[in-house]
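S.K.: Kindly generate the corresponding structure for this input.
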Amino acid sequence: MYIRKTNQIKIADDFFLPFGGKLNRNNRWVKLAELIPWSDFEDAYAQNFKSPTRGEKALSVRVALGTLIIQTKLKLVDAEVPLQIMENPYLQYFLGFDRFEDDRQPFDASLITHFRKRFTPDILLEINNIIAMKELEAAASENRDNDDDHKDNGSGPTEPIAEDVQISFDDIPKQGKLILDATCAPSDIRFPTDLRLLNEAREKLEDMIDVLHAPDISAMAKPRTYRNRARKDYLSIEKQRKKRSKAIQKAIRKQLGYVKRDLEHVETYLEDPSRAELLTRRQQRELQVIRKLYEQQRYMYESRTHSVDNRIVSISQPYIRPIVRG
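M.R.: I've put the predicted structure just below:
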């Protein structure tokens, strides 16, 4: 669930430091926190949560968005972001905390993946434009103040500054490197194999069965999924350093059977429309992907081929299409 509460400290002096002192108002994170209108993006962020009362309380929009900004500006990997935030009071102020706490991490690094999915590219582009415009406006205001000081000191006449000046993004200094390729772009996913994909699909279906069976846990027995046997069959092949093609085909056939069985159990549960509400929005999306993944894998197994149109190589990112480099 998500409770609408944008915790934005207006004054850096309100931030409590247990070792004394105050935050420097000229620090870049303090200035950036004042530029971003956090509450303007709360409506779009809240739409990612199904119910305002059910489920675990989600982190605020300022924490989620601020974490992505910190990671981008400091160029950190996911595991390093919460550690940097824990050690830096300015980063904690930027995320809307009211005091400095260095005894525990503010959140688990795995949540950063969910933060990325909750902000669409359009929202991130709008945020970037707002920050850039406000930084330019602040720079223009500082230049006007400097010109006024020179004028008061009698240094000479200055040209009048028009009020309706159009700010161009061409004036923003360019930094970093942009990778462009006419055919492909890098994507951070695990190397896809048919066996791994089927095993991942089976595990996700087993989790769905557990959720869908929860209301009947005391009334009837849970359908058999043979999860222990399926896991053992998968590891017996995955742990081998050199895998033979016949052994891989046999393992794929077994995993296809497990996935088919689990899919049938899930479909039986979903014959009751009220059961669908038990699954999260993410699980519902994954179920659609797994259905298509199973059909593709079964086709490739029966046809003895390794290619199929619009082949899925990642359940969490089904839109990715692989291409051979070189």
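S.K.: ranges for the strands of the stretch 1-150 of the chain?
M.R.: Remark: no strands are assigned in the stretch 1-150 of the chain by DSSP state E, counting those that start in this stretch.
S.K.: where does it dip in pLDDT?
M.R.: 1-12, 50-55, 145-150 (pLDDT under 70).
S.K.: quick one, helices of it?
M.R.: For the stretch 1-150 of the chain, helices defined by DSSP state H, counting those that start in this stretch occupy the ranges 28-35, 42-46, 61-74, 81-87, 89-94, 111-118, 121-152.
S.K.: hmm, who's touching the fifth one?
M.R.: Put plainly, it is helix 89-94. Helix 89-94 is contacted by residues 9, 12, 15, 17, 23, 27, 29-30, 32-33, 66, 69-70, 84-85, 100-101, 106 when judged by C-beta atoms under 8 Å, 6 or more residues apart in numbering. C-beta coordinates here come from the backbone N, C-alpha and C atoms, glycine included.
S.K.: Show me what counts as buried in it.
M.R.: Using 16 or more other C-beta atoms under 10 Å as the test for burial, helix 89-94 gives Pro89, Tyr90, Leu91, Gln92, Tyr93, Phe94.
S.K.: center of the protein, which residue is that?
M.R.: Arg116 (2.5 Å; C-alpha atoms, centre = their mean).
S.K.: quick one: that one and Ser316, what's the gap?
M.R.: According to C-beta to C-beta, to the nearest Å, Arg116 stands 11 Å off from Ser316.
S.K.: Next: Gln175.
M.R.: Per C-beta to C-beta, Gln175 is found 30 Å from Ser316.
S.K.: And those two? Which one has more around it.
M.R.: Using other C-beta atoms under 10 Å as the criterion, Gln175 and Ser316 rank with Ser316 on top: 15 against 5.
S.K.: returning to what we had before: the helices of the stretch 1-150 of the chain: which one's closest to Glu271?
M.R.: The closest of the helices of the stretch 1-150 of the chain to Glu271 is helix 111-118. By C-beta to C-beta, the value is 29.4 Å.
S.K.: How far does the closest one sit from its chain's centre?
M.R.: Centre-to-centre, helix 111-118 and its host chain are 2 Å apart (C-alpha atoms, centre = their mean, to the nearest Å).
S.K.: let's have the chain start at 10 instead
M.R.: All set: I'll call the first residue 10, so the last point we hit is now helix 120-127.
S.K.: Determine the set of other helices and strands touching that helix.
M.R.: Contacts defined by 3 or more C-beta pairs under 8 Å, 6 or more residues apart in numbering; DSSP states H and E place helix 120-127 against helix 70-83.
S.K.: in stretch 23-33, what counts as buried?
M.R.: Per 16+ other C-beta under 10 Å, stretch 23-33 contains these buried residues: Phe24, Leu32.
S.K.: Please read the previous query as pertaining to stretch 286-304.
M.R.: Leu287, Leu288, Gln292, Glu295, Leu296, Val298, Ile299, Leu302, Tyr303.
S.K.: Tell me which of the residues you listed fall in helices.
M.R.: Among the buried residues of stretch 286-304, the members found in helices (DSSP state H) are Gln292, Glu295, Leu296, Val298, Ile299, Leu302, Tyr303.
S.K.: Now, of the contacts of helix 98-103, which are buried?
M.R.: Judged by 16+ other C-beta under 10 Å, buried ones among the contacts of helix 98-103: 18, 21, 24, 32, 38-39, 41-42, 75, 78-79, 94, 109, 115.
S.K.: does Ala53 really touch Glu135, like I thought?
M.R.: No: shown here, Ala53 and Glu135 do not form a contact pair, counting by C-beta atoms under 8 Å, at 9.3 Å.
S.K.: want to throw the buried ones among the contacts of helix 98-103 into JSON lines with distance to Pro331?
M.R.: Compiled in JSON lines, those are given as follows (distance: C-beta to C-beta, whole Å):
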{"residue": "Ile18", "distance to Pro331": "46"}
{"residue": "Ala21", "distance to Pro331": "48"}
{"residue": "Phe24", "distance to Pro331": "47"}
{"residue": "Leu32", "distance to Pro331": "47"}
{"residue": "Trp38", "distance to Pro331": "39"}
{"residue": "Val39", "distance to Pro331": "44"}
{"residue": "Leu41", "distance to Pro331": "38"}
{"residue": "Ala42", "distance to Pro331": "41"}
{"residue": "Gly75", "distance to Pro331": "34"}
{"residue": "Ile78", "distance to Pro331": "31"}
{"residue": "Ile79", "distance to Pro331": "31"}
{"residue": "Ile94", "distance to Pro331": "35"}
{"residue": "Phe109", "distance to Pro331": "45"}
{"residue": "Pro115", "distance to Pro331": "36"}
